[in-house]
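**Student:** heads up, no residue letters with this:
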């Protein structure tokens, strides 16, 4: 029998009060997913809380409709003309592009190969988004935006850092053979990349989706495409990025999520993840950037992947993002960039983790599936059908790529070519292990 506390005698009520407050405090102060506590216990001043609430009011636009996702996310359906992108000072007079961009042309042979591949391989499928399980849709004329919370901001180092990649603490010590990889800053990679002298107008790949484990809250594991231009040793690097990531600090859980990023000044002051600042213009009512991806791949089981295409509209110059085979998500307006306003000069595909050495040794944060490249299909994560968009707005398979992994005892990469998968590679690893102390 459950007793109402109001009916308890005063002495017993006093005994229960500390327990009640303890339970309430723990529920308000922490978020637990897969046994990990991702929210720091710390005092928040009223002034800081007011600043956070003001910032959230700027990025969480008033919704027309709200959807509660099974994974705990709140998806706001915001009128497309009210979305955060249009707050950017460079986009004050920007009109949302209504005419669909000219899609990159596909060679007939390539289309036939893709069709056969999808029909004949039942063990692999496309991943979708968890919030669709709610069986509700955003109304026409709105775009779905994952609502940010106070806890999301409090997990960041500061309000300024919220939604941004951290600025490099050390001077840019870039390798000549992989200009975007910065050594010595705690970031480790396993990537494939093109040469730096090419004229590139976009890139595409299909990326295997997993849920790698993360050791500590301020580390992440991601798998993405980078489209780059500018000085790799200066402060004017332009980058457009998209893929999936697991980031407890950013999202408060360990689920893989679709993400985007952009910068026009080498990650200094411009750009952000997803729609956490103004810039990226969303046009699709079914894809929520920052929302979790479901289902995910399992070891020796079913494999799921997502296809991402980034390309420059040859007519209006905006950089568009495509998801799956035919879905347009939105675009980065040309006004946001300097070098990318013209073209890209390099593309990278692959994985990245943060190694903070929180416990003195190498992190056990996994990349990809958490298994090394040589384990192959169903065990190691993959990127397949690597393609670039040329000046003729045509997709061509990449043949001449280089690969790099800073520490192959922790994470590695192996590339290959086949008729079905084109240029592809397996990559990843467990991080800390006897050969990676």
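**Tutor:** Thanks, I have the structure now. In this text, all values refer to a predicted model and were calculated from it rather than measured experimentally. Numbers count the residues shown, from 1 in each chain.
**Student:** is it fair to say residue 132 lies in a helix?
**Tutor:** Yes. If the criterion is DSSP: H, G, I helix; E, B strand; the rest coil, then residue 132 is within a helix.
**Student:** Tell me the spacing between the nearest residue to it once chain neighbours are set aside and residue 240.
**Tutor:** Leaving aside its chain neighbours, residue 132 sits nearest to residue 286 (7.7 Å; criterion: C-beta to C-beta, 6 or more residues apart in numbering). Bear in mind the C-beta positions are built from the backbone N, C-alpha and C, glycine included. Residue 286 sits 22 Å away from residue 240, going by C-beta to C-beta, to the nearest Å.
**Student:** neighbour count winner among the two?
**Tutor:** For residue 286 against residue 240, the residue with the higher neighbour count under other C-beta atoms under 10 Å is residue 240, and the figures read 28 against 15.
**Student:** surely the more buried one meets residue 310?
**Tutor:** Yes. With contact defined as C-beta atoms under 8 Å, residue 240 counts as touching residue 310 (5.9 Å).
**Student:** what sits in contact with each of the two?
**Tutor:** Counting by C-beta atoms under 8 Å, 6 or more residues apart in numbering, the residues touching both residue 240 and residue 310 are 227, 319.
**Student:** tell me the SS of residue 86?
**Tutor:** Secondary structure assignment for residue 86 (three-state DSSP): helix.
**Student:** Spell out for me which residue occupies the centre of the protein.
**Tutor:** If you average the C-alpha coordinates of the chain and look for the closest C-alpha using C-alpha atoms, centre = their mean, you land on residue 259, 2.7 Å from that point.
**Student:** list the contacts for that residue?
**Tutor:** 222, 224, 241-245, 273-274, 289-290.
**Student:** What ranges does the stretch 151-300 of the chain have for its helices?
**Tutor:** 248-251 (DSSP state H, counting those that start in this stretch).
**Student:** what's the burial count for the residue lying closest to residue 88 once chain neighbours are set aside?
**Tutor:** Spatial nearest neighbour of residue 88, excluding adjacent residues (C-beta to C-beta, 6+ apart): residue 278 at 3.6 Å. Here the number of neighbours of residue 278 (other C-beta under 10 Å) works out to 19.
**Student:** what's the spacing between residue 278 and residue 61?
**Tutor:** From residue 278 across to residue 61, the span is 11 Å (C-beta to C-beta).
**Student:** same question, residue 54
**Tutor:** Remark: distance between residue 54 and residue 61 (C-beta to C-beta) = 14 Å.
**Student:** okay, these two: which has more neighbours?
**Tutor:** Summary of the neighbour comparison: residue 54 and residue 61, criterion other C-beta under 10 Å, with residue 61 having more neighbours (19 against 10).
**Student:** Just the element for the more buried one, please.
**Tutor:** Secondary structure assignment for residue 61, by DSSP states H and E: no helix or strand.
**Student:** give the contact list for it.
**Tutor:** Going by C-beta under 8 Å, 6+ apart, residue 61 touches 76, 78-79, 82-84, 145.
**Student:** Among those, name the buried ones.
**Tutor:** 76, 78, 82-84, 145 (16 or more other C-beta atoms under 10 Å).
**Student:** Which of those residues fall in helices?
**Tutor:** In this view, those have no member that belongs to helices under DSSP state H.
**Student:** In CSV: those, plus distance to residue 361 and pLDDT.
**Tutor:** Formatted as CSV, the entries for these read as follows, by distance: C-beta to C-beta, whole Å; pLDDT from 0 to 100:
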residue, distance to residue 361, pLDDT
76, 42, 98
78, 44, 98
82, 48, 97
83, 44, 97
84, 40, 97
145, 39, 98
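**Student:** Let me know the closest of those residues to residue 268.
**Tutor:** Distances from residue 268 to these, taken as C-beta to C-beta, are shortest for residue 84 (20.3 Å).
**Student:** which residues touch that closest one?
**Tutor:** Listed by C-beta under 8 Å, 6+ apart, the contact set of residue 84 reads 58-59, 61, 145, 275-278.
**Student:** Return the set of residues that bridge with residue 383.
**Tutor:** Assessed by DSSP bridges, residue 383 has beta-bridge partners residue 207, residue 425.
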